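Engineer: Using only what follows, build the 3D model:
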Amino acid sequence: QVQLVESGGGLVQAGGSLRLSCVASGVIFGINTMGWYRQAPGKQRELVATITSSGSKNYADSVKGRFTISRDNAKNTAYLQMDSLKPEDTAVYYCTGAVRTGWRNIYSDYWGQGTQVTVSS
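Structural biologist: Okay, here's the model as predicted:
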């Protein structure tokens, strides 16, 4: 069984910064792409950023230049550095990872429980 646990959310003023962490644990043979999504009240869950195991990154246009995704493969951990935060960044942020849990080359998607980020104006 695999668990992804996010941390680092909280309340911050506009223009401030937060750093989210996501640690994967359990029976893990490998992790391919890891990513961050967010869901604001009354809105659909949307992609924030993704990073492959080799370090290739992808960002939503709304966060480019402000957010930075990174990962530590040895620690099965992904990070999301969020700078210049805006009130519209307020949402529950979810971590996801494509995890291989056996010797076969099959990856399954796992999600964390989410962490709340609130940006006040």
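
Engineer: so which strand or helix has the residue nearest the centre of the chain?
Structural biologist: Centroid-nearest residue in the chain, with CA atoms, centre = their mean: W36, separated by 2.8 Å. Assigning secondary structure by DSSP states H and E places W36 in strand 30-39.

Engineer: which other helices and strands contact the next helix-or-strand element following that strand?
Structural biologist: Toward the C-terminal end, the helix or strand that comes next after strand 30-39 (DSSP H and E) is strand 46-51. Packing partners of strand 46-51 (3 or more CB pairs under 8 Å, 6 or more residues apart in numbering; DSSP states H and E): strand 30-39, strand 57-59, strand 67-72, strand 77-82. For glycine as for every other residue, the C-beta is placed from the backbone atoms N, C-alpha and C.

Engineer: Please repeat the previous calculation with a cut-off of 6 Å.
Structural biologist: Counting by 3 or more CB pairs under 6 Å, 6 or more residues apart in numbering; DSSP states H and E, the packing neighbours recorded for strand 46-51 are strand 30-39, strand 57-59, strand 67-72.
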